[in-house]
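*Asks:* Here is the input, now give the coordinates:
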Amino acid sequence: MEVQNLTVWDWVLTPFYLLVLVLLARRIRNRNYPIGHPLRQYYLAGFYAKLGGAIFIGLVYHFYYNGGDTFNYFNHARIINSSLSDSWSTWFKLITHASPIQNPEVYPYSSQLYWYDAPSEYTVAVITAIFSLFTGTTYLPTALIFAFVSFSGIWAMYRTFVQLYPRLKHALALTFLFIPSTVVWGSGIFKDTICMFGLGWMTYATFRLFVNRDFSVRNSVLIVLSFYLIAVIKLYILLAYLPALALWLLLTYSKKIKAASVRWAVNGILILATMGGTAFFMQQFADELKKYSLEQLLTTAETTRSWTNYAAGDEGSVYNIGQIDGSLGSTLALFPQAVVVTLFRPYLWEARKLIVALSAIEALAFLYLTLRVFLDRKAKPLRTVIRDPNVLFCLVFSLVFSFAVGASSGNFGALSRYKIPCLPFYAAFLAVMLGKEDPEKKTKGASVTLVAQHVV
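*Replies:* I've put the predicted structure just below:
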């Protein structure tokens with residue numbers, strides 16, 4: 001029997017859950033961002049964008065695509081939660097991925113779960129099943145809970161950068177809260193939604209722990225939880241993020257060295273050490289990293305791209321930036337093309353679908369802002385990047401991640417989703433460069449004090 005993606009209960013319950021979540025968000029805003037707080041105006045606006053993104057992409061997948069991976073995750077959750085008619089014990093065993101051989105009562109359900117032995121996809125299905133307990137296992141209300149939870153991570157990341165650049169709070173709000181791709185693809189029942197939640201909280205908690213020296217259990221738990229979720233769902237995000245994060249922290253501490261010559265020497269050593277440490281980590285944990293090991297990374301990218309091209313066909317807006325033969329030379333030659341295709345393409349004339357056309361407009365905006373940064377002689381982008389560890393962190397992660405997804409995606413439809421983890425960071429890089437604010441300048445005033453002290 002064909003499974004119906006959206007039912008009458010979605011239309012009945014969605015307004016109720018919208019009301020409940022909005023009231024909850026308003027309560028959080030009023031408690032943490034009272035009238036007069038510089039971030040008050042952005043909280044609900046960003047939250048409404050996430051709710052809208054979750055509903056929009058759900059309706060697109062239902063009416064335009066007539067299915068898709070978001071409904072596959074939900075249908076897995078539906079099967080998992082149907083085990084509650086048997087017992088809570090059976091449900092818990094499915095949630096914890098118990099072996100059907102050792103637990104025969106699990107088999108009638110696990111045999112229906114295509115992704116039961118796929119850790120990445122099944123983790124998303126398990127989270128969906130848990131959230132669905134609060135919605136009667138209906139799709140749109142569950143998607144709204146995904147958006148609510150994900151927003152907490154995005155907001156935490158936004159506040160981290162506002163603490164660094166208080167006068168750029170408006171530009172940073174556009175950067176973290178309102179980029180169309182991140183709003184649409186990072187709000188519904190997707191892997192990307194969970195990963196954006198993890199990236200946000202990991203950035204926030206790491207900064208609080210190592211820079212603000214807030215050694216609370218909460219920050220440690222957030223780092224461990226975020227790391228685990230991203231590692232299980234999309235490990236390659238960490239392979240680009242962790243070296244940039246390590247470099248960020250190391251260079252932040254090295255700025256305390258007063259002697260310029262010593263500081264430059266230390267920075268050079270730290271950069272080389274970070275690169276070497278990353279390579280050593282990947283090599284030592286090749287078995288655990290499996291297809292993301294150094295030997296397999298380029299092969300995996302080529303395999304992924306070939307499959308995406310085959311599955312998408314002409315309708316997927318296929319692109320080809322060259323072949324990956326595994327050599328260092330071809331990788332270096334491919335690097336700028338992969339970065340360009342991730343950040344600045346599709347061009348308007350390459351868009352064949354509505355979703356891709358929206359991505360093309362967004363890419364055009366990124367291209368325009370990038371040209372403004374590098375064509376402005378007063379901006380001195382190279383000097384700013386070298387002197388500001390925060391900017392360098394954003395740029396390094398953005399470039400490395402852009403290369404990875406640009407080289408492996410193969411079509412603009414898939415790329416519009418895969419690239420969203422790096423977009424807020426690259427946009428933050430542009431915002432700081434165009435804002436021309438020195439993070440070392442201490443801005444005095446009550447508003448800055450509020451930004452630095454209030455914590456959700």
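*Asks:* Only C-alpha atoms from now on, for both contacts and neighbour counts.
*Replies:* Noted.
*Asks:* Return, as residue ranges, the portions of the chain with sub-threshold pLDDT.
*Replies:* 1-4, 254-317, 322-332, 377-379, 436-456 (pLDDT under 70).
*Asks:* Can you give me the domain assignment for it?
*Replies:* 1-233, 234-453 (automatic domain parsing).
*Asks:* Present those as JSON lines; the columns should include mean neighbour count.
*Replies:* Formatted as JSON lines, the domains of the chain follow (neighbours: other CA atoms under 10 Å):
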{"stretch": "domain 1-233", "mean neighbour count": "19"}
{"stretch": "domain 234-453", "mean neighbour count": "18"}
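*Asks:* contacts for the helix or strand harbouring residue 358?
*Replies:* Using DSSP states H and E, residue 358 sits within helix 354-375. With CA atoms under 8 Å, 6 or more residues apart in numbering as the test, helix 354-375 has contacts from 180-181, 343-348, 351, 379-381, 412-413, 416, 427, 430, 433-434.
*Asks:* Give me the distance from the helix or strand containing residue 94 to the chain's centre.
*Replies:* Using DSSP H and E, residue 94 falls within helix 88-95. Counting by CA atoms, centre = their mean, to the nearest Å, helix 88-95 is centred 29 Å from the centre of its parent chain.
*Asks:* At which residues are the strands of the chain located?
*Replies:* Taking DSSP state E, the chain contains no strands at all.
*Asks:* Surely residue 73 and residue 127 touch.
*Replies:* No - at 9.4 Å, residue 73 and residue 127 do not qualify as touching, with contact defined as CA atoms under 8 Å.
*Asks:* any common contacting residues for these two?
*Replies:* Common contacts of residue 73 and residue 127 (CA under 8 Å, 6+ apart): none found.
*Asks:* rewinding a little: for the helix holding residue 94, name the packing helices and strands.
*Replies:* On a contact count with 3 or more CA pairs under 8 Å, 6 or more residues apart in numbering; DSSP states H and E, helix 88-95 meets helix 69-82.
*Asks:* what's the helix it packs on in contact with?
*Replies:* For helix 69-82, contacts defined as CA under 8 Å, 6+ apart pick out 3, 5, 58, 61, 91, 94-95, 109, 112-113, 121-122, 124-126, 128-129, 132-133, 137, 139, 188-190.
*Asks:* Export only the CA atoms of it, formatted as CSV.
*Replies:* The C-alpha atoms that make up helix 69-82 are tabulated as CSV, following Å, rounded to 0.1, in the frame of the first residue of the first chain:
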residue,chain,number,x,y,z
ASP,A,69,14.5,11.7,1.3
THR,A,70,12.7,13.9,3.9
PHE,A,71,9.6,11.7,3.6
ASN,A,72,11.8,8.6,3.7
TYR,A,73,13.2,9.6,7.1
PHE,A,74,9.7,10.3,8.3
ASN,A,75,8.3,7.0,7.0
HIS,A,76,11.1,5.2,8.8
ALA,A,77,10.1,7.1,12.0
ARG,A,78,6.5,6.1,11.3
ILE,A,79,7.5,2.4,11.3
ILE,A,80,9.6,2.8,14.4
ASN,A,81,6.8,4.4,16.3
SER,A,82,4.3,1.9,15.1
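*Asks:* Give me the contact list for the helix holding residue 94.
*Replies:* 80, 81, 83, 84, 105, 106, 110, 126.
*Asks:* one more time with 10 Å, if that's ok
*Replies:* Residues outside helix 88-95 that contact it (CA atoms under 10 Å, 6 or more residues apart in numbering) are 77, 79-85, 96-100, 103-107, 109-110, 116, 122-123, 125-127, 129-130.
*Asks:* That one vs helix 69-82, what angle?
*Replies:* Helix 88-95 and helix 69-82 are oriented at 150 degrees to each other (axes from the mean of the first three to the mean of the last three CA atoms, to 10 degrees).
*Asks:* May I have helix 88-95 exported as CSV, CA atoms only?
*Replies:* Once non-C-alpha atoms are left out, helix 88-95 reads as follows in CSV (Å, rounded to 0.1, in the frame of the first residue of the first chain):
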residue,chain,number,x,y,z
TRP,A,88,7.8,0.4,24.7
SER,A,89,10.6,-2.2,25.0
THR,A,90,10.4,-3.0,21.3
TRP,A,91,10.4,0.7,20.4
PHE,A,92,13.4,1.4,22.6
LYS,A,93,15.3,-1.5,21.0
LEU,A,94,14.6,0.0,17.6
ILE,A,95,15.8,3.4,18.7
